[in-house]
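1. Next one to model:
(chains A and B)
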Amino acid sequence: MIRPIAVAALFCAGATAVNFRNVAPEAGLTDSIPNGGAQSKKYIIETTGSGAAFLDYDNDGLLDIFLVSGPGGTNRLYHNLGNGKFADVTKEMGLEHTGWGQGVCAGDFDNDGYTDLFVTYWGANVLYRNRGGRGFEDVTAKAGLKQDRVRYNTGCAFLDYDNDGHLDLFVANYLKFDFASAPKPGENSYCWYRDLPVACGPRGLPFDCNILYHNNGDGTFNDVSEASGIAKPDHNYALSVLTGDFNHDGLTDIYVAADRTASILYINHGDGTFKDEALPRGAAFDDNGKALSGMGVAAADYDGDGWTDIFRSNFSDERETLYHNRGKAEFDDVTLAAGMALNTRFVGWGCGFLDIENRGWKDLLLVNGHVFPEVDRLGIDVHFKDRAIVYRNTGTGKFVDISESSGPGILEKHSARGAAFGDYDNDGAVEVLINNQNEAPTLLKQSTKPAGNWVLLKLVGVKSNRSAIGARVRVTAGDRTQSDEVRSGGSYLSQNDLRLHFGVGTARRINRVEIDWPSGAHQVETDLEVNRVLTVTEPRP
Amino acid sequence: MMRVISTALLLTALFARAQDDALQKGIAEFNHGQYAAAQASLERAPDSPQRRAFLALTHAATGHCDTAREELAAEFAKDRASDLGRLTGLALTQCMLAEGHYDEAIPVLARLKALHPDDADVLYQNARLYMKAWNDTLYEMFRKTPSSYRVNQISAEIFEIQNRYPEAISEYRKAIEKAPAALNLHFRQGRALLLESHSPENLELARHEFEAELALNPADAAAEYETGQILLASQSPQEAVKHFERAVAITPNFAEALQALAKAHLDAKQYPEAIVLLQNVVRLQPANESAHYSLMLAYRNAGRAADAAREQAELDKLQKSPQGEFTDFLKKLGEKAPKQ
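-> Sure, this is the predicted structure:
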């Protein structure tokens, strides 16, 4: 009898106060990250950056922070000191780099036990090999990842698409851009926003195509974009990447949020080829069959039916999009029915599902900010800097917007882009790292510890890739089973904690953890303790 | 004698050639926009229908419509299909518009448009005709009835097109205060509120406006439909369905309302019912991408893969159409869905 009462109390909307604060200043994250014009923007390249990452680069069990920068500064790596503070170690770790930095993704591509980094640019991407947690080495050329022309690379993700135990690499490409030929604000009909001359595009600018690199297992990669079918389609303005086995066939598929064009769902056919099936599977458009301006993407089994659903953030005057997976990767746009149709004044970017109160249901947080600083001159309810949005999962397939009551950190206004989700202090509550344009980052932390119990699962692959990317996990605690998947990339050009976080409410033990490893191995662990980080290593073959 | 005659003949021939040269020169000068020179050359040329036509065109081009108009009308009446007929017709309408004779210009432009449907100059003059008529009527309206609610209404509609929604809302409000029983004001006010924002506050305000419109005119299918859409966004799907059903009862071929009803069936997993409604919508509006998309998903969800593939192919064809943005612009003008 005690348990149902406790659960009911947790589900009651006002029962638990959600109170996010921005703790970036006290954590030492005070340096501004430059990214194009702050008052006005002349080119589209100034509008799209940049991502953020939580990763544990030195395997000390604490998440560190990586922030991608536009020109005028360097990307930054902050080491987690373990006392709520971070120290800038960019220079000593060999990560100083300037340019039009866009996205970041993490994964142990050489299976040496240390997480490597890939950073995308308008210009030339960089693959950083992690040298045992003591520094990073630019191995782009050595790995065969040098590009033969300037490309507008955006989102990225490591994935093992052929399940050979070596992480391959997907890189989204936005469009073809160069300063010399790009039209100027007001120059053509695609350079206006509500009667304001603004940076042109993406409409009117030429498309590019996405890239897939196959990991040869010897530290090198081959570009297999054409052979794999990834280079088709080639008429989408691709931004964020979300990997996942959406149809449960044991193969990793790829979803790509595209701006002003149809989003892409590459279904992995298991023979080294992919096909975009977003349209017939219902994940290309909104429920009116209209292409929206997809920015960020997140995945979760938000309704507990065992299938991975997709959330996509979009532009202002558009709804966000929640695609419910009705099984086997067939999606329905349920945005309206789920209660997410009202926030149409925001331009959404980084987004992620997280169990804020550890109730056993994934809530959603997304960050916002318009692309054009000029929009503030209009005096309308669309702003260059805006607050975040928090949706509370009611557990009935619906969400309630609790942004206004979720604390000052949510209400702070920034022109946010990338957002990474992870528990940097291992206290069982997921924090959010946000890369703001031309400002210091935001680090959202709850002021009080969530009431529910939790578990953080760190998976270590043996036959599978060491990062366990692609491993699918089902956690049963009490009468609920939740599922998730280890994935690289995601959100908006960002990297979340590679560990999986599950809130389990009032359950005092985890009944069962089932893992489907990319190698095909199936592992079951039972009767595990809650409120701790559990490391699970893939059984040796 | 012979010499005198031959000299006279030669002089006559030279004079005739000079006169012919003057006509060609005048036409060339007209074509180059050198109207003063053209007028001088054409006045030197001997009288001919061509001379009279180009002289009239020159007069019209230099703003002397009073001199030109009779000749232009005569030439246009003679041969409307020729290039000269097209030029004289255009000049004639230009003169009529300049003099404010819109009623006379309308049939001339209609004939020109029928004969030259793809001609940029003809289409431009048509657009100009309606723009000038609009401007003059608007001026007249503001001058003669400045306090009427219609002035507020037209001001609001102009603000709407300019994306100035707060001003539009304010003007509609004034119009409603002056004419509380006038039809369509509450509907437009509701639309403007929705165009301004989809915030919960605006949704609520807009719903009240559509309900007020329905109180004045219970047979307003569009207001029923808009109310349903707001209720849908506000998480009241069952209430929304009642409004969509009423909209369809009032206007059985109201495609958007039929589609909204179909979506409600889709949400309820009632795929056969949704399919019947959507098939009706695509029959009414074969180019409705949204309906084809919904129908494709309905077939898919019903397990009718071949039908879904056919709809996908149809959708693919439609989505290559370049008219999307202009259609969106037209939608933004806020007109009610036409009765089908």
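
2. can you list the residues of chain B near chain A?
-> Listed as neighbours of chain A in chain B under the rule C-beta under 8 Å from any C-beta of the partner chain: B:162-163, B:165, B:196-200, B:203, B:232-233, B:235, B:237, B:263, B:266-267, B:289-290, B:292-294, B:296-297, B:300-301, B:308-309, B:312, B:315-316. All C-beta atoms are positioned from the backbone trio N, CA, C, and that covers glycine.

3. Go again with 7 Å.
-> Within chain B, the residues that sit near chain A (C-beta under 7 Å from any C-beta of the partner chain) are B:163, B:197-200, B:232-233, B:235, B:263, B:267, B:289-290, B:292-294, B:297, B:300, B:308, B:312, B:315.

4. Tell me which helix or strand the residue of the stretch 151-300 of chain B found nearest chain A sits in.
-> Closest residue of the stretch 151-300 of chain B to chain A, C-beta to the nearest C-beta: residue B:293 (2.6 Å). Secondary structure from DSSP states H and E places residue B:293 in helix B:289-301.

5. That helix - contacts with which helices or strands?
-> Secondary-structure packing of helix B:289-301 (3 or more C-beta pairs under 7 Å, 6 or more residues apart in numbering or on different chains; DSSP states H and E): helix B:255-267, helix B:271-284, helix B:305-319.

6. so where's chain A shaky on pLDDT?
-> Scanning chain A for pLDDT under 70 picks out the ranges A:1-16.

7. and whichever residue of it sits closest to chain B, helix, strand or coil?
-> Residue nearest to chain B within chain A: residue A:289 (2.6 Å; C-beta to the nearest C-beta). Following DSSP: H, G, I helix; E, B strand; the rest coil, we place residue A:289 in the coil state.

8. In space, what's closest to it - neighbours in sequence excluded?
-> Residue nearest to residue A:289 in three dimensions, not counting chain neighbours: residue B:293, with 2.6 Å by C-beta to C-beta, 6 or more residues apart in numbering or on different chains.

9. Surely the one you found touches residue B:315?
-> Yes. Between residue B:293 and residue B:315 there is a contact under C-beta atoms under 7 Å: 5.7 Å.

10. May I ask you to confirm that residue B:125 belongs to a strand?
-> No. Per three-state DSSP, residue B:125 lies outside any strand segment and is helix.

11. So for it, what's the pLDDT?
-> Note on residue B:125: pLDDT of 93.

12. now the one 4 residues further on
-> pLDDT recorded at residue B:129 is 92.

13. Would you mind measuring from it to chain A?
-> 25 Å (C-beta to the nearest C-beta, to the nearest Å).

14. what's the helix or strand containing that residue packed up against?
-> Element membership for residue B:129, per DSSP H and E: helix B:120-144. Here helix B:120-144 touches helix B:83-98, helix B:102-115, helix B:149-161, going by 3+ C-beta pairs under 7 Å, 6+ apart.

15. returning to that earlier point: looking at residue B:293 and residue B:315, which is more packed in?
-> residue B:293 (26 against 21; other C-beta atoms under 10 Å in any protein chain shown).

16. Now do the contacts for the residue nearest to residue A:289.
-> A:285, A:289, B:315 (C-beta atoms under 7 Å, 6 or more residues apart in numbering or on different chains).

17. same question, residue A:522
-> Residue A:522 neighbours (C-beta under 7 Å, 6+ apart): residue A:516.

18. what bridges to it?
-> Beta bridges link residue A:522 to residue A:516, judged by DSSP bridges.

19. okay if I get the contacts of residue B:293 as a markdown table plus distance to residue A:90?
-> Converted to a markdown table, the contacts of residue B:293 look like this (distance: C-beta to C-beta, whole Å):
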| residue | distance to residue A:90 |
| --- | --- |
| A:285 | 41 |
| A:289 | 46 |
| B:315 | 49 |
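
20. now, which of the residues you listed sits nearest residue A:416?
-> residue A:285 (25.5 Å; C-beta to C-beta).

21. Give the full set of residues in contact with the closest one.
-> A:262, A:291, B:293.

22. So the closest residue in space to the first one that isn't next to it in sequence: helix, strand or coil?
-> It stands for residue A:262. Computed as C-beta to C-beta, 6+ apart, the closest residue to residue A:262 that is not its neighbour in sequence is residue A:284, at 4.0 Å. Assigned by three-state DSSP, the conformation of residue A:284 is coil.

23. Phi, psi for residue A:284 please.
-> phi -90, psi -40 (degrees, to the nearest 10).

24. Make sure it is actually in contact with residue A:263.
-> Yes. The pair residue A:284 / residue A:263 is scored as a contact, 5.4 Å apart, by C-beta under 7 Å.

25. joint contacts of these two?
-> residue A:278.

26. More neighbours: which of the two?
-> Neighbour count, other C-beta under 10 Å: between residue A:284 and residue A:263, residue A:263 has more, with 30 against 25.

27. Tell me how far that one lies from residue B:289.
-> From residue A:263 across to residue B:289, the span is 16 Å (C-beta to C-beta, to the nearest Å).
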